[in-house]
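In: I need the structure of the sequence given here:
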Amino acid sequence: DKDKAERKRENKEDTALPPPALPPFCPLFASLVNILQCDVMLYIMGTILQWAVEHHGSAWSESMLQRVLHLIGMALQEEKHHLENAVEGHVQTFTFTQKISKPGDAPHNSPSILAMLETLQNAPSLEAHKDMIRWLLKMFNAIKKIRECSSSSPVAEAEGTIMEESSRDKDKAERKRKAE
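Out: Numbers count the residues shown, from 1 in each chain. Alright, predicted model coming up:
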């Protein structure tokens, strides 16, 4: 892995080492992947990313952030796998990208996980994680494009765009409020 990363760095390629794809589970354990998108897991991921954004010195560690980024990568790969192998007319239940796009609920009103990743991408103190964060954002955009291409109804696509715009507006308002 280190040699591969060094070669990529020399060729000025992306040096992120994404997590491996999850192996297919037997039907009895197929729903196990949903732990990656459960509310508790998303809350933990959001909390650690929030600590990293706000630079709470003793509240988080580099290894915590690395693990959260790894789990987000696994979830994104799983969603991509679900979308690529989806049967037409089948309702998609693994919707990690939609969940990380939504800002947190009251009483915390935290920004979305996606917004925090975008903020962390530019953080000078997290240079070691920038490639992984960039890879996660690229993967998110790739999944978003797959969803848009597979969307058969333009009404649903328009509703999704409106929801994304409102969540972005909420994130911007939240950042302004915190800055004041």
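In: run through the protein and note the low-pLDDT ranges.
Out: In the predicted model, the chain carries pLDDT under 70 at residues 1-2, 4-15, 56-57, 88-91, 105-108, 152-180.
In: for the spatially most central residue of the chain, which non-adjacent residue is closest in space?
Out: Ranked by distance to the mean C-alpha position of the chain (Cα atoms, centre = their mean), the top residue is residue 72 at 5.1 Å. Spatially, and ignoring its direct neighbours in sequence, residue 72 is nearest to residue 136 (5.6 Å; Cβ to Cβ, 6 or more residues apart in numbering). The way it works is simple: take the backbone N, C-alpha and C, and place the C-beta from them, glycine included.
In: related to what we said a few turns ago, residue contacts, the residue nearest to the centre of the chain?
Out: Residue 72 sits next to 45, 100, 113, 117, 136 when contact means Cβ atoms under 8 Å, 6 or more residues apart in numbering.
In: measure it to residue 44 for me?
Out: For residue 72, the distance to residue 44 (Cβ to Cβ, to the nearest Å) stands at 11 Å.
In: now residue 139
Out: For residue 139, the distance to residue 44 - Cβ to Cβ - is 20 Å.
In: ok, the two, which is more surrounded?
Out: More crowded of residue 139 and residue 44, by other Cβ atoms under 10 Å: residue 139, with 20 against 15.
In: thought the more buried one was touching residue 78?
Out: No - using Cβ atoms under 8 Å, residue 139 makes no contact with residue 78, being 10.9 Å away.
In: what about residue 87, is that helix, strand or coil?
Out: coil (DSSP: H, G, I helix; E, B strand; the rest coil).
In: and the gap between it and residue 131?
Out: For residue 87, the distance to residue 131 - Cβ to Cβ - is 35 Å.
In: could you do residue 116 as well?
Out: 17 Å.
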